[in-house]
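1. following is a predicted model, sequence given first.
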Amino acid sequence: MTPLTLKTIDKTLLPQVLELDRICFDGLWTLDGYQREVDSPNSELIAIMQDDRLIGYGCFWAIVDEAHITIIGIHSDYQRQGLGKLILTALLDRACQRQMKHATLEVRISNQSAISLYEKFQFKVAGARKKYYADTGEDALIFWRGGLQTAEFQNTLKEKWLEICDRLGQQQRTLHDPASLLSLEKISLTNR
């Protein structure tokens, strides 16, 4: 079995995060940008690690009672293996722990695999941003999901978690710390 680990991203992982950003997004964010996210008490950055290698990550901003999911990236060698669902589940679980009531995100109108993933978590289209992506001029769909604190949503997260565990098992993978979704902590560089 190949173990995977979920962990909060700290400054030691930033070189790997920057490299994965280049692979997934052609250098969307800078090292300084990621450092600001690590330093911010309003940001959550979560990594998927295989051994000591970063293979996926995601981030959200906590804005009042809303989790604004800003980025989800999975290394191209590991796509279509359920890891996007894993990181989205981890982000939404962390948003629930932080008492967020809503979640939102933007997605390229052409990114059907991501749209399908968000719809599985009952995200709904709330609007569009015209020519949102500067590199292509492509529109973005705005997705919205309320009710994060409801029992229904908690059950949805548990269902997704069981689906993820089952799929990982089929791939001869396991989550190193099965309780890791519940034990992620925001790492503060000022407390080190």
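-> Yes, it's here. It should be emphasised that the depicted structure is a prediction, and the values quoted were computed from it without experimental measurement.
2. the helix or strand harbouring Ala103 pairs with which strands, and in what direction?
-> Ala103 is part of strand 102-108 when elements are defined by DSSP states H and E. Within its sheet, strand 102-108 is paired with strand 66-74 (parallel), strand 138-145 (antiparallel), according to DSSP bridges.
3. which residues touch the longest one?
-> Surrounding strand 66-74, the residues in contact under the criterion C-beta atoms under 8 Å, 6 or more residues apart in numbering are 20-21, 23-25, 28-29, 44, 48, 55-61, 83-84, 87-88, 91-92, 95, 98, 100-105, 114, 148. Glycine gets a C-beta too; all of them are placed from N, C-alpha and C.
4. buried subset of those?
-> Buried by 16 or more other C-beta atoms under 10 Å: 20-21, 24, 29, 44, 48, 55-60, 83-84, 87-88, 91-92, 95, 100-105, 114, 148, out of these.
5. in helices, which of these fall?
-> Those of those mapping onto helices are 20-21, 24, 83-84, 87-88, 91-92, 95, 114, per DSSP state H.
6. ok, the residue most central in space within the chain to Cys24 distance?
-> Among the residues of the chain, the one closest to the centroid is Gly58, at 3.1 Å (C-alpha atoms, centre = their mean). From Gly58 across to Cys24, the span is 11 Å (C-beta to C-beta, to the nearest Å).
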